[in-house]
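# What follows is a predicted structure for the sequence shown.
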Amino acid sequence: MFSKITVLVPIINFAIVYCFIGKLFNVGITDGIGYAITLSLLEVLLFKKWIWKIPIIKRITGIENIQGEWTGTIYSNYDNKEHQIEKIIIKQSYNKYKVVLETKESTSFSEINTIKINDFDRNEIQYLYKNEAPVTLRKKNPMHFGVAKLELINGELVGSYWTDREIDDGKNTRGTIKFTGQNKKGNYDLISLFDIFDLF
C-alpha cells in the first residue's frame, strides 16, 4: 500500500503545483517537477515520522505503534527454563523497525525485519537477529543468528523464535517469547530528519 502511495504523491503534487499554483505564479514544467519532488519528500517524511501514529490514520493503515521499551520473558528448549528479559527496545517508523533485546547473558540486534497485517488482522513482526554474549560467556553462549515472529495480541507481543545454535541432541534451539509492559516515554522514532533520502 505504502509503495503505491509514494508513486502517486509526486504525480498529485505536480498536478497541484503546475496546474493550479503554477498558473498564479508562472511556474514552468521544470520548476513544477522540482517543487513537486521536494514537497513529496517532505510529506513522506512527515507521514513516516509522525502522521502514521494519529489514531484515525492507524485505523486506516492498521499499523499499530509498538515502539518503546518493553519487558518480557523467553522460554527456551536449551535448558527448558523461562528467562526474564531485562530490556526490549523497539524503534519504529511507519514501515520499518529495529529490535534490541537484552538479557543477563547476551544482547540481540534485529538485522532484517518486516511488519504486516496477518490473516487474523493482527500486527505481526518478523525479524532476523544476531545474538552476542559478553566475552566471558561466549564459550557457553557463542554468537549465533535467529529468527522470530511475534503477533500483537491484547497489547502484548507474543510468538516464537528459532536459532542456528545447536544443543546436545543436534536440534536447533527454539522457544517462545512474550513482550509485555510497553513504555512509550522517550524518543523511539527510527526515522530522523537525516533519513530524507531513504524514505521510499
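Arrived safely, thanks for sending. Computed from a prediction, not measured in an experiment: that's the story for all the values here. Numbers count the residues shown, from 1 in each chain.
# going forward, measure contacts between C-alpha atoms and count neighbours the same way
Fine.
# Just the terminal-to-terminal distance for stretch 60-74.
With CA to CA, to the nearest Å as the measure, stretch 60-74 spans 33 Å from end to end.
# how far is it from where the chain is centred?
Centre-to-centre, stretch 60-74 and its host chain are 9 Å apart (CA atoms, centre = their mean, to the nearest Å).
# Now do that stretch: everything it contacts.
52-53, 58, 82-92, 94, 116-117, 123, 175-189 (CA atoms under 8 Å, 6 or more residues apart in numbering).
# Which ones among those residues map onto strands?
Among the contacts of stretch 60-74, the members found in strands (DSSP state E) are 82-92, 116-117, 123, 175-183.
# Centre-most residue in the protein?
Most central in the chain under CA atoms, centre = their mean is residue 97, positioned 1.8 Å from the mean C-alpha point.
# quick one, what contacts that one?
Counting by CA under 8 Å, 6+ apart, residue 97 has contacts 90, 91, 113, 114, 190.
# Just send those back as a markdown table, with distance to residue 150, neighbour count and pLDDT too.
Conversion of those to a markdown table gives the following (distance: CA to CA, whole Å; neighbours: other CA atoms under 10 Å; pLDDT from 0 to 100):
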| residue | distance to residue 150 | neighbour count | pLDDT |
| --- | --- | --- | --- |
| 90 | 13 | 22 | 95 |
| 91 | 15 | 20 | 93 |
| 113 | 11 | 18 | 87 |
| 114 | 11 | 14 | 85 |
| 190 | 19 | 18 | 82 |
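# Looking at these, which is nearest residue 156?
Using CA to CA, residue 90 comes nearest to residue 156 of the contacts of residue 97, at 13.1 Å.
# Verify the contact between that closest one and residue 98 for me.
Yes: if you go by CA atoms under 8 Å, residue 90 and residue 98 touch, sitting 5.7 Å apart.
# anything in contact with each of these two?
Counting by CA under 8 Å, 6+ apart, no residue touches both residue 90 and residue 98.
# so how far is stretch 157-169 from its chain's centroid?
With CA atoms, centre = their mean, you get 21 Å for stretch 157-169.
# buried stuff in it?
Using 16 or more other CA atoms under 10 Å as the test for burial, stretch 157-169 gives 157, 158, 159, 160, 161, 162, 163, 165.
# same question for the longest helix seen in the chain, mean pLDDT?
Ranked by number of residues, the top helix in the chain under DSSP state H is helix 29-49. For helix 29-49, mean pLDDT rounds to 79.
# buried set for that helix?
For helix 29-49, a neighbour-count test (16+ other CA under 10 Å) marks 32-33, 35-37, 39-41, 43-45, 47-49 as buried.
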